[in-house]
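Participant: how does the following fold in three dimensions:
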Amino acid sequence: MRITTRTGRWLAASAVACCAILLPGAALAASAAPAAPARSAAHAIVPYHLEFTNLSGHRCTLNGFPFINAVSLTGGLLGHPATAFPVPAHQVTLDRGQTVKAALQIVDVGNFPAPVCKPVTASGLRVFPPNQTRAKVVPFPFGACSAGGPVFLSVGPVTK
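Facilitator: Numbers count the residues shown, from 1 in each chain. Model (predicted):
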């Protein structure tokens, strides 16, 4: 799996990160780009799209939601894992080179009370593609809650 993240807002083009890890049956890529509109201006949700591309030599199948956590520089988990959007998931089959997307929303943790959130800067996202048991950390600095307080990440299912 190769996971890539790009955010013109937070990272310069020279800071775009690429990582590689092999998964049985599929190789995937993720990148951040504008996604669905924010649910509430009160929480200043920053939306992105994660893109999963089949880099293997054969078809692969994904079903459901990616599993995502914010991580610290040492790889420790920060706050709660991403919650799933309240929408149904469907199985998608990717031919070689085909890409699917999953929406990711990050709430601006500055909107939460500091004693509840204990805000820190996450160094990245740990992303498990749907139906996969291996994750890749995507370097991506953003505001996160270090405590088990409010949920600040949410993710949609993979879709074509």
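
Participant: least confident secondary structure element in the protein?
Facilitator: Least confident element among the helices and strands of the chain, by mean pLDDT, DSSP states H and E: strand 17-20 (a mean of 22).

Participant: and the next helix or strand after that one, how far from the chain's centre?
Facilitator: Counting by DSSP states H and E, the element after strand 17-20 in chain order, helix or strand, is strand 45-53. Distance of strand 45-53 from its chain centroid, counting by Cα atoms, centre = their mean, to the nearest Å, is 6 Å.

Participant: number of residues surrounding V116?
Facilitator: V116: 12 surrounding residues under other Cβ atoms under 10 Å. Backbone N, C-alpha and C define where each C-beta goes, glycine included.

Participant: ok, and the closest non-adjacent residue to it?
Facilitator: Closest residue in space to V116, ignoring its immediate chain neighbours: G149 at 4.3 Å, by Cβ to Cβ, 6 or more residues apart in numbering.

Participant: so where's the protein shaky on pLDDT?
Facilitator: Where the chain drops to pLDDT under 70, the residues are 1-44.

Participant: same thing but 50
Facilitator: Residue ranges of the chain with pLDDT under 50: 1-41.

Participant: can you pull out the helices in it?
Facilitator: Taking DSSP state H, the helices of the chain run over residues 114-117.

Participant: what residue in it is the furthest from its centre?
Facilitator: Relative to the C-alpha centroid of the chain, counting by Cα atoms, centre = their mean, P115 is the outermost residue, at 25.6 Å.

Participant: from L125, how far out is it?
Facilitator: For P115, the distance to L125 equals 25 Å [Cβ to Cβ, to the nearest Å].

Participant: now do P141
Facilitator: Taken as Cβ to Cβ, the span from P141 to L125 is 10 Å.

Participant: nice, that's everything, thank you.
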